[in-house]
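Q: quick one, what's the 3D model for this:
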Amino acid sequence: MDTIGHLIAGKHRAGSSGESKPVFNPATGQQTATISLASIAEVDEAVQVAQRTYEEWRTVSIAKKTKLMYTFRDIVDRNSSEIARRLTAEHGKVLSDSAGEVARGLENIEFACGMAESLKGSYSENASTGVDVYTVRRPLGVVAGITPFNFPAMIPLWTIPNAVAAGNAFVLKPSERDPSCPMFIAELFHEAGFPDGLLNVVNGDKTAVDALLEHNLVRAISFVGSTPIAKYIYTTAAANGKRVQALGGAKNHMVVLPDADIDQAADAAVSAAYGSAGERCMAISVIVAVGNVADPLVAAIKDRTKQLVIGPGDDAASDMGPLITAEHRDRVAGYIDAGAAAGADVVVDGREQSFDGDGFFLGVSLIDNVTTDMSVYTDEIFGPVISVVRVDTFAESMQLIEANRWGNGTAIFTRDGGAARRFQDEVEAGMVGINVPIPVPVGYHSFGGWNDSFFGDTTMYGPEGMRFYTRPKVMTSRWPDPATSSVDLGFPTNR
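A: Model (predicted):
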């Protein structure tokens, strides 16, 4: 059985803390590896190595950095199938979802390949007589990423490429639940020719996280996870003088108006809510059915759930894999219990489906007539559960979303251009889909929600990500009047 340690200064380390955790294959329930948890001393070593590497890396030309980034992009692309395989083995999502995750990560490397354009400054000539003013973007130093289990490839690739392209060094603390994939990506990073110590990986738990949040050489923290932890990351890191982008949880609503294409909306709901077993912050959790669309929409979704194949992620026949742990599976099932006890109608009950073996499987669930005081509505379930809330008007649907404490992503399904335009203009969310159920921005835009879904002031990847990993320096210079120059310039003195 493999023991997964750390990667510091380009070398694998076994770990010296004596603390470890098991790593499982969620489809079988069997332990596949042991992960060593970093000590405070190991985190400090990784940061110190990163600082020394940064001092040289920041002076490397944009041309050389760009060539290395293109090489990294090609190596990741060539190894995309292997990354997806490792991802599925430890997370459990089906291979098609894993392949899509790698593809979205590649988009972010490709954006970072354009660093020459992204890092250009600005220049104002003769702002005052003989005075020029110009702005340049400078790196921060050592930056850190604390990334979640649900996207162990994509979210590191949201952060690392922009950070190193901007001239920083990086320390990654991935989830201890599925560490093999991010470690493999770090190995590919070094294979591309980047300096040893530019990207360091420390596996660990809260001890490692707190060590990064408190370390005086770490200048910025990027985090994706639940809202309570995002708040903790934000407040702790900010109190230690760090720049922070902390993405939290979500309760994404999908509004379906009476004029919507029922088949299109039902297909979108099933893929958006049950894909990756619902373990994604952009999953549709709540369908807001407006007016008389509710009955046919619920019926259409129910019919589609009968066709879903739930099984091991590496089985090509599977549409959905297991959840990440047995504990999380049981927690999700508990929400179905609570919804039924509160009076909601469990139209499709994932608890009723049985599975062979010891994998962490749970069937999909569809719960109708949910009210806003039920826990299936108020809490982030993070599993394959759709809650249907019925309202009479479009205005009520907007009020519902505005009253919700999260504001990550939302969507509307309608043929009415006026309703769609008003929705995108007024809805309280950072990412909006019009007949698109999961409006994750492409790599050359940026990702981030509102309200309790995001803490910080600069969102992730794309242009905002590049701004996050740099700070402006403004120079003001005055040059002598050419007429007073001691050098004969050959011009008339009155020029």
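Q: ok, how many other residues are close to T88?
A: Neighbour count of T88, defined by other C-beta atoms under 10 Å: 28. The way it works is simple: take the backbone N, C-alpha and C, and place the C-beta from them, glycine included.
Q: so what pLDDT did it get?
A: Note on T88: pLDDT of 98.
Q: what about it, which helix or strand?
A: Under the criterion of DSSP states H and E, T88 resides in helix 80-91.
Q: buried residues, that helix. List them.
A: By 16 or more other C-beta atoms under 10 Å, the buried positions in helix 80-91 come out as 80, 83-91.
Q: now the strands: where do they sit in the stretch 151-300 of the chain?
A: 169-173, 199-201, 218-224, 243-247, 252-256, 284-290 (DSSP state E, counting those that start in this stretch).
Q: and the second one, average pLDDT?
A: Strand 199-201 carries an average pLDDT of 98.
Q: ditto for stretch 136-150
A: For stretch 136-150, mean pLDDT is 97.
Q: got the end-to-end distance for it?
A: End-to-end distance of stretch 136-150 (C-alpha to C-alpha, to the nearest Å): 36 Å.
Q: tell me the buried residues in that stretch?
A: For stretch 136-150, by 16+ other C-beta under 10 Å, it's 137, 139-150.
Q: can I get the strands of the stretch 151-300 of the chain in TSV with distance to V298?
A: Listed next are the strands of the stretch 151-300 of the chain as TSV, based on distance: least, C-beta to C-beta, whole Å:
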stretch	distance to V298
strand 169-173	42
strand 199-201	45
strand 218-224	32
strand 243-247	31
strand 252-256	10
strand 284-290	7
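Q: between these, which gets nearest to V436?
A: Of all these, it is strand 252-256 that lies closest to V436, at 10.1 Å by C-beta to C-beta.
Q: now do the contacts for the closest residue to A342 other than its chain neighbours.
A: Leaving aside its chain neighbours, A342 sits nearest to M374 (4.6 Å; criterion: C-beta to C-beta, 6 or more residues apart in numbering). With contact set as C-beta atoms under 8 Å, 6 or more residues apart in numbering, M374 has these partners: 338-339, 342-344, 387.
Q: check C113 too.
A: So C113 contacts 66, 69-70, 73, 165 (C-beta under 8 Å, 6+ apart).
Q: repeat for H253
A: Counting by C-beta under 8 Å, 6+ apart, H253 has contacts 284-288, 397, 400-401, 404, 410-411.
Q: related to what we said a few turns ago, can you name the two of the contacts of M374 that are farthest apart?
A: Greatest spacing in those, by C-beta to C-beta: G343 and S387 (12.8 Å).
Q: quick one: which of those two has more around it?
A: Shown here are G343 and S387; by other C-beta under 10 Å, S387 has more neighbours (27 against 10).
Q: for the chain, which spans come out with low pLDDT?
A: 482-485, 489, 491-495 (pLDDT under 70).
Q: center of it - which residue?
A: I155 (4.5 Å; C-alpha atoms, centre = their mean).
Q: could you find the closest non-adjacent residue to it?
A: Counting by C-beta to C-beta, 6+ apart, T147 is the residue found nearest to I155 once chain neighbours are left out, at 4.5 Å.
Q: for that neighbour, give its distance to L297.
A: Per C-beta to C-beta, to the nearest Å, T147 is found 35 Å from L297.
Q: from what I can see N451 touches E428, true?
A: Yes - if you go by C-beta atoms under 8 Å, N451 and E428 touch, sitting 6.9 Å apart.
Q: what touches both of the two?
A: With C-beta under 8 Å, 6+ apart, N451 and E428 have common neighbours G407.
Q: can you give me the strands in the stretch 351-495 of the chain?
A: Along the stretch 351-495 of the chain, counting by DSSP E, counting those that start in this stretch, strands occupy 365-368, 385-391, 406-407, 409-413, 431-434, 450-451, 454-456, 470-478.
Q: would you list every one of the helices in the stretch 251-400 of the chain?
A: Taking DSSP state H, counting those that start in this stretch as the test, the helices found in the stretch 251-400 of the chain are 262-274, 294-305, 326-341, 375-378, 394-403.
Q: buried residues in the third one?
A: Burial within helix 326-341, assessed by neighbour count using 16+ other C-beta under 10 Å, is assigned to 326, 328-329, 332-333, 335-336, 339.
Q: same thing with the last one?
A: Buried residues in helix 394-403, counted by 16+ other C-beta under 10 Å: 394, 397-398, 400-401.
Q: ditto for the second one
A: Of the residues in helix 294-305, 294, 297-298, 300-301, 304-305 count as buried by neighbour count, 16+ other C-beta under 10 Å.
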